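Asker: Make a model of this:
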Amino acid sequence: MNAGTYQLVKLEITRALRNKKYLFFTVLYPAALFLMLGGTIPGKTKVLGTELTMPAFYMVAMASFGALTAVLMGNSERIAKEREKGWVRQLRLTALPGRGYVLAKTASAGVLSLPAILVVFAVAAGVKDVRFEAWQWLSLTAAIWAGSLVFAALGVAIGYLASGDTVRPITMLFYFGLSILGGLWMPTTNFPQWLQNISEWLPTHAYAGLGQAIELGGAPHVKDVAILAGYFVLFTGAAAWLYRKDSLKA
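Answerer: Just a heads-up that it's a prediction; the model follows:
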């Protein structure tokens, strides 16, 4: 990462931390949802067909949801609006390499997703007495944080695909569609079988699966890792192609 890219990452992080909407929707909103969805369920209640308790399920689900909010919503809308205002075009006139802008957006989004994860963990441990070994807490944090980069790439792609006027509805479609169908708001075991068959191939289902496997004392399943890796290649490829296409218009 060169000096220009590093400075841009610092700028992006500073801007987000000053944004009250970021602090609410990314950091506080997922923790509040955990309390509403998982906080009212007895601690020993288990997810249908598994040994995972409902509070533990919702802890991973809402931590993943918060990280997804940070990297997807933030990236897509900021990029689309900055393109529309000419900020991206101005950056191309500086010494910052073209890939530096995309890297800065992805890296800063990844950093900003960490508070959402940690706050949900703290609320789950403090309110619902969710307990794990130290290695599990560290592994959960690392897995959810690393998995969020898949959706950071999707956010970059949407930001270069949509205009300032259309970026929000397009992003919301992906945001809620992937969250609900992928099982972040409720266990997919409650879905009809045909919907479960679709859900298991969505990136959000695999994303939540990383943390759930760790909570049960094991390693993430190879299938979930492979699905996320495939989507990461797809989204980064789309982002790179759309970035080059946008550059030709400038």
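
Asker: which helices and strands does the helix or strand containing K223 pack with?
Answerer: Using DSSP states H and E, K223 maps to helix 222-249. Packed against helix 222-249 by the contact rule (3 or more CB pairs under 8 Å, 6 or more residues apart in numbering; DSSP states H and E) you find helix 98-127, helix 134-161, helix 203-215. For glycine as for every other residue, the C-beta is placed from the backbone atoms N, C-alpha and C.

Asker: Might you report the residue contacts of the residue nearest to G155 when sequence neighbours are not counted?
Answerer: Spatial nearest neighbour of G155, excluding adjacent residues (CB to CB, 6 or more residues apart in numbering): N75 at 2.9 Å. Shown in contact with N75 (CB atoms under 8 Å, 6 or more residues apart in numbering): 105-106, 109, 152, 155-156, 158-159.

Asker: Mind telling me what element N75 is part of?
Answerer: Per DSSP H and E: helix 74-85 holds N75.

Asker: averaged over its residues, what pLDDT does that helix have?
Answerer: The average of the pLDDT scores along helix 74-85 is 80.

Asker: now stretch 231-239, how far from the centre of its chain.
Answerer: Per CA atoms, centre = their mean, to the nearest Å, the displacement of stretch 231-239 from the mean C-alpha position of its chain is 15 Å.

Asker: I misspoke; the intended subject was stretch 56-67.
Answerer: What separates the centre of stretch 56-67 from the centre of its chain is 10 Å, taken as CA atoms, centre = their mean.

Asker: pLDDT of that stretch, averaged?
Answerer: The average pLDDT within stretch 56-67 is 94.

Asker: Contacts for that stretch, please.
Answerer: Contacts for stretch 56-67 (CB under 8 Å, 6+ apart): 26-27, 29-31, 33-34, 37-38, 41, 47, 113, 116-117, 119-121, 124, 128, 130, 140, 144-145, 147-148, 151, 179, 183-185, 187, 204, 207-208, 211-212, 215.

Asker: Stretch 194-208 now?
Answerer: 60-61, 64, 68, 144, 147-148, 150-151, 178-179, 181-184, 188-189, 191, 223-225, 227-228, 231.

Asker: Mind giving me the ChimeraX command for buried ones among those?
Answerer: Applied in ChimeraX, the following selects the buried portion of these according to 16 or more other CB atoms under 10 Å:
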select :60,61,64,68,144,147,148,150,151,178,179,181,182,183,184,188,191,224,225,227,228,231
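
Asker: How many residues are close by the closest residue to G147 other than its chain neighbours?
Answerer: In space, G147 comes closest to Y207 once its chain neighbours are excluded; the distance is 4.7 Å by CB to CB, 6+ apart. When neighbours are defined as other CB atoms under 10 Å, Y207 has 30 of them.

Asker: and what of R15?
Answerer: For R15, the neighbour count with other CB under 10 Å is 13.

Asker: per-residue confidence at F24?
Answerer: Value for F24, per-residue pLDDT: 75.

Asker: Distance-wise, check M59 relative to P30.
Answerer: Separation of M59 from P30 (CB to CB, to the nearest Å) stands at 10 Å.

Asker: and for those two, which residues touch both?
Answerer: Shared contacts of M59 and P30, defined by CB under 8 Å, 6+ apart, comprise V120.

Asker: Not counting its neighbours along the chain, what's nearest the residue sitting nearest the centre point of the chain?
Answerer: Nearest to the geometric centre of the chain sits L68, at 2.0 Å (CA atoms, centre = their mean). The shortest distance from L68 to any non-neighbouring residue, by CB to CB, 6+ apart, is to F151 (5.1 Å).
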